[in-house]
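*Asks:* whatever this is, show me its structure:
(chains A, B and C)
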Amino acid sequence: MDTVTTLLQLVLSGVLVGSVYGLTAMGFVVAYRNARVFNIAYGQFAVLGAFLAWTFLGSPQSPRLPLAVAVVLTLLAVVAFGLAVERLLFRRMIGRPLFASFVLSLGLLAFLHGVIMIAWGPSTKVLAAAVPTGPLALGDVVVSREFVWSFAIALAATIGFALFFRFTRLGLAMRAAYDNEVAARCLGASASLNSQITWVLSAVIAAVGGILMATVSGVSIGLSELVMVVLAVVLIGGMDSLAGCVLGGLILAVGTNLTGYYLSPLLPGIAGIFSMLLILGVLVIRPTGLLGSRPIERV
Amino acid sequence: MRRRGRGRTDYARDLALVSSGQQWLALAVLALVLGLLPLLLAWTGNRSWLTFTNFTLITIIAVIGLNVTTGMAGLVSLGHSAFIMVGGYLAALLMLEAGWSFWAALPAATLMTGVVGLVVAAPAIRLKGFYVAIVTLAFFFIAQFILRSLDITGGIHGLIGIPSPVIGGLRIRTDQHWYYLLLVVGVLCVLASANLTRSRMGRAFLAIRENDVAAAGLGINVPLTRLRAFFVGSLFAGLAGGLWASYVSVIRLDQFTIWDSIWYLGMIVIGGGGKTAGAVVGVLFLRLIGQVLHVIGTSGWIPLSSNLAIYITHTVYGLAVILFVSFWPLGLMSVWQKIRVNYKRWPFGV
Amino acid sequence: MSESDPVLVGEDIHLSFDGVRALDGVNVSIQRGRIVSIIGPNGAGKTCLVNCITGYYRPQRGRILLEGRDIVSLGPHRVARLGVVRTFQDPTTYPNMTALDILTAGRYLKTGASLLHSMLYFGRSRREEIASRRLVEEVISFVHIEHLRRLPVAMMSYGDRKQVEIARALVMEPRLLILDEPMSGLDEAMKEVVSDLIMSVFKQGVTIVLVEHDMQAVMELSHSIIVLDFGQKVAEGTPAEIIRDPRVTEAYLGGIAGIVAETGESG
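*Replies:* Predicted coordinates:
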């Protein structure tokens, strides 16, 4: 395979995977912007979604419920989870400093980790295909069909959210609440409804991201490392920017691919910490991320 | 007539850690119990309790450091176990490769780890709090990567045969010997931390934690003071790491996980962030719960695989952190304060 | 140095945020041993000016000379170290600390125990702690806040908090004391107390800059008044001159003369 094709291969698969990273990161940004919570348990949200999907859908060897039924049940379960998390945990945290809710999310991380492992065990499960699988050849470049489907779903979801936040009343109300909570409430936006929708949205997006990743790499607790990916994406793109997630996801995925191919022979394992190095680089050069908003310090 | 009030008759007494006859007595009793602890534990017939105590002492030393960085100065560090790891490896390398004695290697490793802490924190020190958390998290993985890749650190196999200290011809070999050594070091660390809280620097840490705009107005150089707090934290972590390396005599990457960092933070929150006593209490609380779960799991009352016990420990720890942050955010120390206040007021008012 | 040479001079200060001109070529001169008030409607730029002087904001253009030395590019902790101390309009900066804690924290610049000293305690740190406590107690008596010593700020009344904030500034032994709206939100009785306190502080020889809305206090206390409006200096002079200045009455609806004529009413 010549250099151009290789490059194209790496970039294309990077774009496909990066779109899923970007979509997953949006759930994190939603919680950060609207609930002002740095949710480090986000990775577990994704894993939980994937395991729930597996519970209802089954694996290729032993499928369980039909696709439509499984999707609906998974969605209901995830929504219920989001509501529970909001009501029991984070509603109490409204108005308390970021540090407190961060530590809460640390506790949640540990708690969910334990519960998921007790419920489903450490072995990797294969998720029954919700989308067509197999290789797809585009000229000389080969990609996985499931990745293309993931990309399509991620793209659709991204556009959907962009439209939601920009054009619907609810979306605008949520954005207003981020900028000025008191004023938004004066205008009639409900704080508790905002909180509930935020967490449900965050959980659902996490679940979708987790399921899409699980389609490719199987369902296991290892998926929770997705949170590191998400962190890298939001730092690159900007912690409060949804568009930044897309950009960050692409940069991270394509960058990891290129690093893995060209630098791994020299430094084995460098691809694994590429996201870390990228994080450090971004922090030094532009801490608020590429598309994040610059805070104005008022004394 | 029974003496009421605190009996502080001059400023020196007001500042002192132990200021009344009553408090001295309590301290003497505590010292006695701690001194005789190995004998008391031996009486139970179970040797693992002393080992548990020794590991707990090492954890206390490490967490006291984290308490300065996070509890007092408000800088969240998710990489604390990485600093312990670095301290351990440095001490091991100085002893194995450079042939240094324990008593030279330990302080050197401690200081070097402190400096590593400065280097890690520097890029993020002027930024908002959670950037420091992220940098420390990234550091954990990068540090593991570096240690795994170098030959001198033994890669994934780590280092073995780390020597133990010798005091005046006597080699510290048994758990009992180690207990007294760790106890002395632990007490010194507790004292240093307590002194910090009643001194100028400790106050500066608290000031930047609560409000860094106002702190600058007090004349405090906020970024520099944050670095100082971070330095102290990594210093103690390095000390704990060096002690660990020598105690276990083997050091390997898989002994240090990101979960440890999370537990340490949990201990600080549960104990009560900021106060030295809170950090100690937090460590004891989580460690004891973990030990109880471990004993239940291995005793066979409930059929548990060892993996399941770990998962249950995670779940319980996580639940504890969640409960404390939600209902008692100022930790066990604040609960204790409330009990004391109510005891003094009893039977009037609750 | 004569009594009337300037402690602080602000030359041609320009400050903008995202295109909004907060300060537009402001020149000020603060004479030693005087009480100088800075007044003006909300948004005139008073707090911005204070923030520039104390190093929180960096003006795009201009110089700020503290006894001849340009401090415009120094950060807040450096400015504080040079003796320029400011109070904050919102006195609830440390809600969980007691008055004693806050005042002792204010001794940071006047003590020198390092990290090592602090961890050892015995020796330098202990000596400094005892000496600091003595001085803090003097300030506590001076400001009459003995009853607030061990009370957390969150449990204090607003007036108490304001007093603690001024006491905190005094503990820092300022060369130049900048009070940012020390009377805002207080009732008449409390305003009297704070007014007397400012006078007592002045009698100790401290140069004071008073940013205030309360016209009666400003008229009574000031040696000279600087009026800002829309980021520009509109007038400067003695209280008598300022009352008569038409540009000033223009800046304030209703006019200062009218306000002062009615007893006890402030702007």
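
*Asks:* OK, contacts around residue 49?
*Replies:* I went with chain A, as the question did not name one. Listed by C-beta atoms under 8 Å, 6 or more residues apart in numbering or on different chains, the contact set of A:G49 reads A:T74, A:V78, A:A203, A:V204, A:A206, A:A207, A:V208, A:G209, A:G210, A:I211. All C-beta atoms are positioned from the backbone trio N, CA, C, and that covers glycine.

*Asks:* not quite, go with chain C.
*Replies:* So C:L49 contacts C:G10, C:I13, C:L23, C:V26, C:V28, C:I38, C:L228 (C-beta under 8 Å, 6+ apart).

*Asks:* please redo it, this time with the cut-off set to 7 Å
*Replies:* C:L23, C:V26, C:I38 (C-beta atoms under 7 Å, 6 or more residues apart in numbering or on different chains).

*Asks:* which of those residues come close to chain B?
*Replies:* Checked against chain B using C-beta under 7 Å from any C-beta of the partner chain, the contacts of C:L49 give no members in range.

*Asks:* can you redo the residues you listed as JSON lines with secondary structure, neighbour count and pLDDT?
*Replies:* Converted to JSON lines, these look like this (DSSP: H, G, I helix; E, B strand; the rest coil; neighbours: other C-beta atoms under 10 Å in any protein chain shown; pLDDT from 0 to 100):
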{"residue": "C:L23", "secondary structure": "strand", "neighbour count": "28", "pLDDT": "91"}
{"residue": "C:V26", "secondary structure": "strand", "neighbour count": "24", "pLDDT": "92"}
{"residue": "C:I38", "secondary structure": "strand", "neighbour count": "27", "pLDDT": "94"}
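
*Asks:* can I get these in a markdown table with distance to C:R149?
*Replies:* Shown next, in a markdown table, are the contacts of C:L49 (distance: C-beta to C-beta, whole Å):
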| residue | distance to C:R149 |
| --- | --- |
| C:L23 | 40 |
| C:V26 | 40 |
| C:I38 | 33 |
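
*Asks:* do you know how far A:V17 is from B:I134?
*Replies:* A:V17 sits 22 Å away from B:I134 when distances are taken as C-beta to C-beta, to the nearest Å.

*Asks:* equivalent analysis for A:L23, please.
*Replies:* For A:L23, the distance to B:I134 - C-beta to C-beta - is 21 Å.

*Asks:* how near is whichever residue of the stretch 1-150 of chain A sits closest to chain C to B:F130?
*Replies:* Closest to chain C within the stretch 1-150 of chain A is A:P97: 11.8 Å, counting by C-beta to the nearest C-beta. A:P97 sits 11 Å away from B:F130 when distances are taken as C-beta to C-beta.

*Asks:* next, count neighbours for the residue of the stretch 1-150 of chain A closest to chain C.
*Replies:* 12 (other C-beta atoms under 10 Å in any protein chain shown).

*Asks:* name the element B:V63 belongs to?
*Replies:* Assessed by DSSP states H and E, B:V63 sits inside helix B:48-66.

*Asks:* what about that helix, distance to the chain center?
*Replies:* Centroid separation between helix B:48-66 and its chain, computed with C-alpha atoms, centre = their mean, to the nearest Å, is 8 Å.

*Asks:* close to chain A, is that helix?
*Replies:* No - Helix B:48-66 stays clear of chain A (C-beta under 7 Å from any C-beta), getting no nearer than 12.7 Å.

*Asks:* now the angle from the helix or strand following that helix to helix B:48-66?
*Replies:* Going down the chain from helix B:48-66, the next helix or strand is helix B:80-96, by DSSP H and E. For helix B:80-96 against helix B:48-66, the angle by axes from the mean of the first three to the mean of the last three C-alpha atoms, to 10 degrees is 110 degrees.

*Asks:* helix B:80-96 - contacts with which helices or strands?
*Replies:* Helix B:80-96 sits against helix B:48-66, helix B:102-121, helix B:129-149, helix B:222-248, strand B:250-251, helix B:258-271, with contacts defined as 3 or more C-beta pairs under 7 Å, 6 or more residues apart in numbering or on different chains; DSSP states H and E.

*Asks:* please repeat the previous calculation with a cut-off of 6 Å.
*Replies:* helix B:102-121, helix B:129-149, helix B:222-248, helix B:258-271 (3 or more C-beta pairs under 6 Å, 6 or more residues apart in numbering or on different chains; DSSP states H and E).

*Asks:* among the ones you listed, which is nearest chain A?
*Replies:* helix B:129-149 (4.2 Å).

*Asks:* who does whichever helix or strand comes after that closest one pair up with?
*Replies:* Of the helices and strands lying after helix B:129-149 in sequence (DSSP H and E), the nearest is strand B:159-160. The strands that strand B:159-160 pairs with in its sheet are strand B:250-251 (antiparallel) (by DSSP bridges).
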